[in-house]
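> Sharing a model that was predicted from the sequence below.
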Amino acid sequence: MSGDVVNLRMARKRRDRADKAAEAERNRFEHGRSKAERTLARARNDKAAREHAASRRETDETER
């Protein structure tokens, strides 16, 4: 009756870490964007806002 002795506490911790790592990987895939992607999106939004503001007509409130 020879077998490997397993420390159940350590095995449980190892299993829990693997589960957390798998969940983190799923969350990164579903929700995450790299910093470069966030920066690029922010720059594009800022440029679009500037172009939109630049094309607005000026209204003179005294003419009304």
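Now that the structure is in, tell me what you want to look at.
> got the contact list for residue 53?
If you count contacts by CB atoms under 8 Å, 6 or more residues apart in numbering, residue 53 has none. Bear in mind the C-beta positions are built from the backbone N, C-alpha and C, glycine included.
> Please report how far it lies from residue 45.
Plainly put, residue 53 is 13 Å away from residue 45 if you go by CB to CB, to the nearest Å.
> got it, and residue 3?
Counting by CB to CB, the gap from residue 3 to residue 45 is 61 Å.
> and what of residue 51?
For residue 51 relative to residue 45 (CB to CB), the value is 11 Å.
> same thing with residue 59?
Counting by CB to CB - residue 59 and residue 45 are separated by 25 Å.
> Quick check: end-to-end length of stretch 26-44?
Counting by CA to CA, to the nearest Å, you get 28 Å between the two ends of stretch 26-44.
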